[in-house]
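Q: one predicted model, sequence on top.
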Amino acid sequence: MAPEYLVFLMAGVLVVGLFMGHPLAFVLGGTSVIGAMAAGKTMALGVVVSRVFGEVLDNYTLIAIPLFILMARFLSDSEVTDKMFEALRLLMARVRGGLGLAVVFISVLLAATTGIIGASITVTGVMAMRPMLRYGYDPKLTSGVIAASGCLGILIPPSIMLILMASYSPLSVGELFAGAMVPGVLLGLLYAAYVAIVALVKPEAAPPAQRDEMIGTSALIKMLLIEAVPTLVLILGILGTMLAGIATATEASAVGVVLALLIVILRGRFRWSTFFSALRETGRTSAMILYIVVGATAFTGVFNITGGLAAVQNFMRGMDMDPWLLITLMMFIVFLLGCFLDWTGIVLLSFPIFLPIVQEMGISLLWFVVLMAVVLQTSFLTPPFGYALFYMRAIAPPEVRTSQIILGVMPFIVLIVLMCILVAVFPSLVTWLPDHLYLK
């Protein structure tokens, strides 16, 4: 079979398998087998097996993934986030939209300590959704700010997605962490600005809390500082050691696990039952991610050996487009894929195609990868398969309709697109911090 036809065959099988509801990892693996047989190159499967065991499972950087997942679970068990949110909620009770702003700020802190989207959305949703609805917040604004802010974990370091991106590109984890730091924080500030504007223009959508909850500011600030210290120490232990060049991403993740466990113990929350539960959940989540990695490795391996990868790259090169238009097309493709695939599959399928073309154009690879990371925020929010929408549906009370959840995230998708434009127009938002840290 000609490579051009093979592209359509493998893409079609992949889409059909996903719409039938099969897990992505097995759809990718099954499609690779079908593609190899259709191309008459079943020996490619042997090469794929050697790649899985020789490159993927021996990748030292990937060890950071289960360690960061375990750290996130320990931090959740410590309940430090709950206390911080309560302090923020009371501190901002006088402010219109204060609860929404508290959700954004606590999500930024969660993103800088966990990087697990499901955990961030679930924790903030359970803490904030019912109080916001009880105080009269618009259900669409409530759902949107919780879902969008919870997704910051894949952009703000330490991010599991950035670790996977680094392992499949020439970039180091430290460079990507430094490059994504400013866009991630700015996106959080855009969310906060949107909540503040809505509260100003439409006060009934984001009213202040009741007066009986407006207690002394000094006591609240003291409470917030006490609760924030463990989190700040954890962030400094992870990002500080890594960005300073003291530790690699894998070593920093081990530091994070130890610090998170110490926080659990010092707060008197340690239980053997929750400890073993954390280990089991870490194993399940890590296995899910690595299964997708293995399936995607098989898919891209067969796609490459049978000529499909070269056919797609040659087609894109043959379009003879201006580099900015080609980058825009790539980002649009990533956006569309985000409606149907999760970030793991998108990264592993698109990197082998996009990165060589970007390097040929002489464009900064760091800038491109961070821009793609910003776009991938939308993969959690866009229907029909946005995972954040499913998380929100699971934790939202029955009176909040699914249509309200979907409509609620739409303004935040627009803000993500705006952030992409800012990164494109001002590349220094990505390159400034890595250039100063690594003196390039």
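A: Everything's here; your move.
Q: burial measure for residue 356, as a count.
A: 13 (other Cβ atoms under 10 Å). Bear in mind the C-beta positions are built from the backbone N, C-alpha and C, glycine included.
Q: whoops, I mixed them up, residue 198
A: Counted with other Cβ under 10 Å, residue 198 comes out at 22.
Q: just residue 139 next, same as before
A: When counting by other Cβ under 10 Å, one arrives at 20 neighbours for residue 139.
Q: for it, report the pLDDT, please.
A: As predicted, residue 139 sits at a pLDDT of 92.
Q: how about it, what does it touch?
A: 133, 399, 400, 401, 404, 408 (Cβ atoms under 8 Å, 6 or more residues apart in numbering).
Q: just the buried ones from those residues?
A: For the contacts of residue 139, a neighbour count by 16 or more other Cβ atoms under 10 Å gives the buried set as 133, 400, 404, 408.
Q: on that earlier part again, between all of the contacts of residue 139, which two are separated the most?
A: The distance between the two most remote of those (Cβ to Cβ) is 14.0 Å, for 399 and 408.
Q: got a list of what residue 245 touches?
A: Here residue 245 is in contact with residue 174 (criterion: Cβ under 8 Å, 6+ apart).
Q: do you know how far it is from residue 259?
A: Distance, residue 245 to residue 259, using Cβ to Cβ, to the nearest Å: 19 Å.
Q: same deal with residue 335?
A: From residue 335 to residue 259 the distance is 36 Å (Cβ to Cβ).
Q: so what's the spatially most central residue of the chain closest to, chain neighbours aside?
A: Geometric centre of the chain, nearest residue: residue 154, 2.1 Å, by Cα atoms, centre = their mean. Nearest non-adjacent residue to residue 154, counting by Cβ to Cβ, 6 or more residues apart in numbering: residue 161, 4.3 Å away.
Q: so what secondary structure elements neighbour the helix or strand encompassing the one you found?
A: Residue 161 is part of helix 160-167 when elements are defined by DSSP states H and E. With contacts defined as 3 or more Cβ pairs under 8 Å, 6 or more residues apart in numbering; DSSP states H and E, helix 160-167 has these neighbours: helix 64-78, helix 173-201, helix 272-305, helix 343-360, helix 365-375.
Q: swap in 6 Å and give it another go.
A: Applying 3 or more Cβ pairs under 6 Å, 6 or more residues apart in numbering; DSSP states H and E, one finds that helix 160-167 contacts helix 64-78, helix 173-201, helix 343-360.
Q: same for the longest one, what does it pack against?
A: When contacts are defined as 3+ Cβ pairs under 6 Å, 6+ apart, helix 173-201 packs onto helix 98-111, helix 160-167, helix 365-375, helix 402-425, helix 428-438.
Q: nothing else from me, thank you.
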